[in-house]
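**Q** Sequence first, predicted model second:
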Amino acid sequence: MLRLPKFEVATPKSVGEAIALLAEAGPSAVVLAGGTDLLPNLKHELATPELVVSLGAIRELAGIRLADDGTLAIGAMTTLETVASSELVRARAPALAQAASLVAGPQLRTMGTLGGNVLLDTRCQWINQSYFWRSALGFCLKKDGTKCHVVEGGKKCVAAASNDTAPALMTLGASLALEGPSGKRSVALDDFWVADGIYNKKLAHAELLVEVRIPPLPQGHRGAYGKLRERASIDFPLLGIAARLDVGTDQRVAHADVVVTALAAQPRRVKLVAETLRGVPIDEHELAHAENATLETSAFGRAVRSIAELAEKQCHPLPNVPGDADWRQAMVPVFVRRTLLAAARRAGPVHAD
Amino acid sequence: MGVLHLKINGDDLEVAAPGHWTLLEVLRYRLGLTGSKQGCDKGDCGACTVLLDGKPVLACLTLAATVQGRHVTTIEGLLPAHVAAGGKGADPVQDAFDRCGALQCGFCQSGMMLSARALLNRNPQPSDAEIKDALSGNLCRCTGYTQILQAVELAICEAAGRTPTPRSWERASCADSGAASASDSGERSA
Ligand SMILES: Cc1cc2nc3c(=O)[nH]c(=O)nc-3n(C[C@H](O)[C@H](O)[C@H](O)COP(=O)(O)OP(=O)(O)OC[C@H]3O[C@@H](n4cnc5c(N)ncnc54)[C@H](O)[C@@H]3O)c2cc1C
Ligand code: SF4
Ligand code: FES
Ligand code: FES
C-alpha cells in the first residue's frame, strides 16, 4: 500500500481561478491534471504539497480545434486517448497521434492528458521508488541526496525525459501557450527544455499550460513514432523516436527531422537530418513494394541509413532508465531507420509487440 | 476531512474522507467495496480498474474528490446493472470468466472483467487485436492470459449467437466443455 501524503484538494472552474489559487498558496501548491505522473510521485514522496489544484473541472482546457490559419490547437486537458483517436490529429500530425497511442496502457491514456505528458517529470530507476527504497541508497541529487547513482561523481542529475509526445511535438514545430500570474506567453517546445534532470522545463510556479499548438504543415507532411520498451504496453520508453518527412510536389524530400528521447533530461534532435535528406527522391512504388533490405539500396534508403549512423553517434543512452544501456545504444540506429521508413510509407507506429 | 458526493454503482452516496484519499481507498476502506483490488497502488497493474462514466480508469491514481458527480462502476455493480437492464444472473463477461476458468488467484479478475465490459460496451464485435489491446493495462500473474482471452471471445460469440471456434490444441471449447467429442482425436472439430 502506498499512501499519499496529506494535502487539501481544490477544483477551480476557470484558468484564472486556478492561477490565483496557485499564486496565493506559493510553492506548497501543485497542479493535478490526470494525476498519472503526479500521484505516483507524491506516493513516493518526491514532493509533499499542502494543496493540490485539480484542473479537471476547467472545461475550457479540453478539446481539439483547427484554427482558421490551419494551426492545430489541443487543449492541455485533452486526454491522450482523445489525441490518439482524433481524425484531425491522425491526418495532420501522425507522429503525435502514434506517440499518444503508445503511452502507458489504455486506462492511463483515458486518464492522462496531453498537457501532463508534455510536463511529465523526468524519470530514473533510482528516483521513481518509494521513500524507504530511496533512503536505503542514501537518496540522490534529484531529491534528498548529494550524489548520482547513474554517473559516478556526477554533479548534475541526468534523469530521462520520458514523455512520448514531446519528441513528436518537436518534429511538428509545436509551441506551448502558457498562462500565469503575469499574463500569457507562448514558447516554442524546442526552447522549453533545460538540460537538468531535477527540473527540465522553463515553467514558472503558478504558470499553467493552456494549449499545445501545432503550426500548419505542408501537404506532403509525413510522420511516425517509434518506441522501444520491454513490453508492448504500460512501459515507459527505453527509447522514443519521432520522425518527420515532408515530401514536395516534385517527389523529393523538402524537409526532415528526427528527435530522440529517453536519453537524458531533454529530447535530442539528431543533427544534419534535414541536410542529409533534402532533395532526395521518394519513389512511392518502391516504398510500397520493396522490402526494407532492398529499399536500403535506393538513394532514399542510403540517406536513411546514414541518418541512422548519425543518430548512433549522437545519442548515448545512460543507465538512468531500466534496460541495458548498451542494448538501447544498439537499438538507436535500428529504431531511427525503421521509424523514418515508416514515416515515408505513411505507416507506423514502430514498436515491438 | 470533507464530505464527498459520489455516484457509485448507481447509488448517490455521501462519504466523509480526507482530500488526499484515492478513489480506491474510499471504495475499500469507507464503503467496504473490496472487489477493487489494491495491487501495486501506482498504476502498473490494473487490479484497481473501475469504470468512470463507462471508461476504465485506475482507482489507485484517482483522487476521490475529483470524481464527484461522475458515474463510478465497480465490479460489485456489474451484476446489478445487468439485472436492471433485463438480464438474468451475472454479467455475461463474469459468466464467461467463470465457465472458462479465466482465473487462478483471482486478484486481477475484477479489473480484467471491467476492462472487458467497457470494451464490449463500445465495440460488441472487437477483433483479437482489439481485445488484447483493451486488456493490455491489466496484468495477470497466474493464468498466462489464454483463458482470459477465450472468456472474452466466448462472451462476444454468445452475444452474437455464434459458437466460439475451438483452438487446435483444445479438446473442446470452454463453451461446451462437458461435451468433448470429435476433438478427442486431437483434431480441430469446427
Ligand atoms: C505505469 C505507468 C506507465 C506510464 N507509461 C508512460 C509512457 O509509456 N509514456 C509516457 O509518456 N508516460 C507514461 N506514463 C506517465 C503518464 O501516464 C503520462 O505521461 C500522462 O500523459 C501524464 O499526464 P497526466 O495528465 O496524468 O499528468 P499529471 O500527473 O496530472 O501531471 C504531470 C505533471 O505536469 C503538471 N501539469 C499537468 N498539467 C498541467 C498544466 N495544464 N499546467 C501546468 N502544469 C501541469 C503537474 O503538476 C505534474 O507535475 C506512465 C505512467 C504510469 C503510472
Ligand atoms: S540521474 Fe537518477 S540517480 Fe542521478 S541524480 Fe538524477 S534521479 Fe538521481
Ligand atoms: S493498484 Fe492501481 S494499477 Fe495497480
Ligand atoms: S488470476 Fe491471479 S493475477 Fe490473474
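**A** Cool, got the structure. Ligands and ions are numbered 1, 2, ... in the order given.
**Q** contacting residues around A:Glu309?
**A** By C-beta atoms under 8 Å, 6 or more residues apart in numbering or on different chains, the residues touching A:Glu309 are A:Pro333. For the C-beta atoms, the positions are set from N, CA and C on the backbone; glycine is no exception.
**Q** quick one, strands of chain A?
**A** A:8-10, A:29-32, A:51-54, A:64-66, A:72-75, A:175-180, A:183-188, A:208-214, A:221-228, A:239-247, A:253-261, A:268-269, A:350-351 (DSSP state E).
**Q** so which of those strands is the most packed in?
**A** strand A:239-247 (a mean of 29; mean count of other C-beta atoms under 10 Å in any protein chain shown).
**Q** What mean pLDDT does that strand get?
**A** Averaging pLDDT along strand A:239-247 gives 98.
**Q** How about it and ligand 1, touching?
**A** No: with C-beta under 6 Å from any ligand atom as the criterion, ligand 1 is not reached by strand A:239-247; the gap is at least 7.8 Å.
**Q** Now do that strand: which elements does it pack against?
**A** helix A:94-101, helix A:165-171, strand A:221-228, strand A:253-261, helix A:325-344 (3 or more C-beta pairs under 8 Å, 6 or more residues apart in numbering or on different chains; DSSP states H and E).
**Q** number of nearby residues for whichever residue of the stretch 251-353 of chain A sits closest to ligand 2?
**A** Nearest residue of the stretch 251-353 of chain A to ligand 2: A:Asn320, at 5.0 Å (C-beta to the nearest ligand atom). For A:Asn320, the count of nearby residues is 26 (other C-beta atoms under 10 Å in any protein chain shown).
**Q** Compute the distance between it and ligand 3, please.
**A** 24 Å (C-beta to the nearest ligand atom, to the nearest Å).
**Q** what do you get for A:Pro12?
**A** 27 Å.
**Q** can you put the strands of chain A in TSV and add distance to ligand 2?
**A** Listed next are the strands of chain A as TSV, based on distance: least, C-beta to the nearest ligand atom, whole Å:
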stretch	distance to ligand 2
strand A:8-10	28
strand A:29-32	19
strand A:51-54	23
strand A:64-66	34
strand A:72-75	30
strand A:175-180	24
strand A:183-188	24
strand A:208-214	23
strand A:221-228	19
strand A:239-247	17
strand A:253-261	15
strand A:268-269	16
strand A:350-351	25
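**Q** that older thread, can I assume the residue of the stretch 251-353 of chain A closest to ligand 2 is in contact with A:Cys148?
**A** No: counting by C-beta atoms under 8 Å, A:Asn320 stays clear of A:Cys148, with 9.3 Å between them.
**Q** can you list residues touching both of the two?
**A** A:Val158.
**Q** Point out the residues in chain B that sit beside ligand 1.
**A** So far as C-beta under 6 Å from any ligand atom goes, chain B lies against ligand 1 at B:Gly43, B:Asp44.
**Q** quick one: contacts for the residue most central in space within chain B?
**A** Centroid-nearest residue in chain B, with C-alpha atoms, centre = their mean: B:Met113, separated by 1.2 Å. Applying C-beta under 8 Å, 6+ apart, we find B:Met113 in contact with B:Ile75, B:Leu78, B:Asp91, B:Val93, B:Gln94, B:Phe97.
**Q** now whichever strand or helix holds the fourth one: mean pLDDT?
**A** Okay, so that is B:Val93. Using DSSP states H and E, B:Val93 sits in helix B:92-100. Helix B:92-100 shows a mean pLDDT of 96.
**Q** quick revisit: how about the helices and strands packed on strand A:239-247 in TSV, adding distance to B:Gln109 and mean pLDDT?
**A** Shown next, in TSV, are the helices and strands packed on strand A:239-247 (distance: least, C-beta to C-beta, whole Å; pLDDT from 0 to 100):
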stretch	distance to B:Gln109	mean pLDDT
helix A:94-101	27	98
helix A:165-171	33	98
strand A:221-228	29	98
strand A:253-261	36	98
helix A:325-344	35	97
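**Q** got a markdown table for these, with distance to B:Arg162 too?
**A** A markdown table is the format used below for the helices and strands packed on strand A:239-247 (distance: least, C-beta to C-beta, whole Å):
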| stretch | distance to B:Arg162 |
| --- | --- |
| helix A:94-101 | 30 |
| helix A:165-171 | 40 |
| strand A:221-228 | 36 |
| strand A:253-261 | 45 |
| helix A:325-344 | 36 |
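**Q** wait, which of these is closest to B:Gln150?
**A** When the helices and strands packed on strand A:239-247 are ranked by distance to B:Gln150, counting by C-beta to C-beta, first place goes to helix A:94-101 at 26.2 Å.
**Q** which residues are contacting the closest one?
**A** For helix A:94-101, using C-beta under 8 Å, 6+ apart, the contacting residues are A:80-81, A:83-86, A:89-90, A:109, A:114, A:117, A:164-165, A:167-169, A:171-172, A:214, A:222-225, A:227, A:240, A:242-244, A:343, A:346, A:348-349.
**Q** Just the strands from chain B, written as ranges.
**A** Under DSSP E, chain B gives strands at B:2-8, B:11-17, B:49-52, B:55-58, B:71-73.
**Q** and of the ones you listed, who's closest to B:Ile148?
**A** Taking the strands of chain B one by one with C-beta to C-beta, strand B:49-52 is closest: 13.5 Å.
**Q** got the contact list for B:Thr74?
**A** B:Ile8, B:Asn9, B:Leu27, B:Leu33, B:Gly35, B:Ser36, B:Val50, B:Ser110, B:Leu114.
**Q** make it 7 Å
**A** For B:Thr74, the contacting residues are B:Ile8, B:Asn9, B:Leu27, B:Leu33, B:Gly35, B:Ser36, B:Val50, by C-beta atoms under 7 Å, 6 or more residues apart in numbering or on different chains.
**Q** what about it, distance to ligand 3?
**A** 13 Å.
**Q** any weak-confidence spans in chain B?
**A** Within chain B, the stretches with pLDDT under 70 are B:167-190.
**Q** Show me the domain layout of it.
**A** For chain B, the structural domains run B:2-76, B:90-184, going by automatic domain parsing.
**Q** From A:Gln314, how far out is the residue of the stretch 251-353 of chain A closest to ligand 2?
**A** 17 Å (C-beta to C-beta, to the nearest Å).
**Q** what's the answer for A:Gly26, then?
**A** 41 Å.
**Q** More neighbours: which of these two?
**A** A:Gln314 (16 against 11).
**Q** Contact residues of the stretch 51-200 of chain A facing ligand 2?
**A** Counting by C-beta under 6 Å from any ligand atom, the residues of the stretch 51-200 of chain A near ligand 2 are A:124, A:126-127, A:140-142, A:148-150, A:157-159, A:197.
**Q** go on, chain B?
**A** Checking chain B against ligand 2 by C-beta under 6 Å from any ligand atom, there are no hits.
**Q** so A:Leu245 bridges to which residues?
**A** A:Arg222, A:Ala256 (DSSP bridges).
**Q** Contacts only, for it.
**A** Contacts of A:Leu245 by C-beta under 7 Å, 6+ apart are A:Arg222, A:Val253, A:Ala256, A:Leu340, A:Ala343, A:Ala344.
**Q** same thing with B:Ala81?
**A** Contacts of B:Ala81 (C-beta under 7 Å, 6+ apart): B:Thr73.
**Q** just the one 10 residues further on next, same as before
**A** Contacts of B:Asp91 were listed using C-beta under 7 Å, 6+ apart, and they are B:Leu78, B:Leu79, B:His82, B:Arg117.
**Q** One more pass at 8 Å, please.
**A** Applying C-beta under 8 Å, 6+ apart, the residues near B:Asp91 are B:Leu78, B:Leu79, B:Ala81, B:His82, B:Met113, B:Arg117.
**Q** Now restrict the residues of the stretch 51-200 of chain A next to ligand 2 to buried residues only.
**A** A:124, A:126-127, A:140-142, A:148-150, A:157-159, A:197 (16 or more other C-beta atoms under 10 Å in any protein chain shown).
**Q** Can you say which two of those residues are spatially most distant?
**A** A:His149 and A:Gly197 (12.0 Å).
**Q** Overlap in contacts, those two.
**A** Joint contacts of A:His149 and A:Gly197 (C-beta under 8 Å, 6+ apart) do not exist.
**Q** and the gap between the closest residue to ligand 3 within the stretch 51-200 of chain A and B:Leu119?
**A** Residue nearest to ligand 3 within the stretch 51-200 of chain A: A:Gln107 (7.6 Å; C-beta to the nearest ligand atom). From A:Gln107 over to B:Leu119 the distance is 12 Å, taken as C-beta to C-beta.
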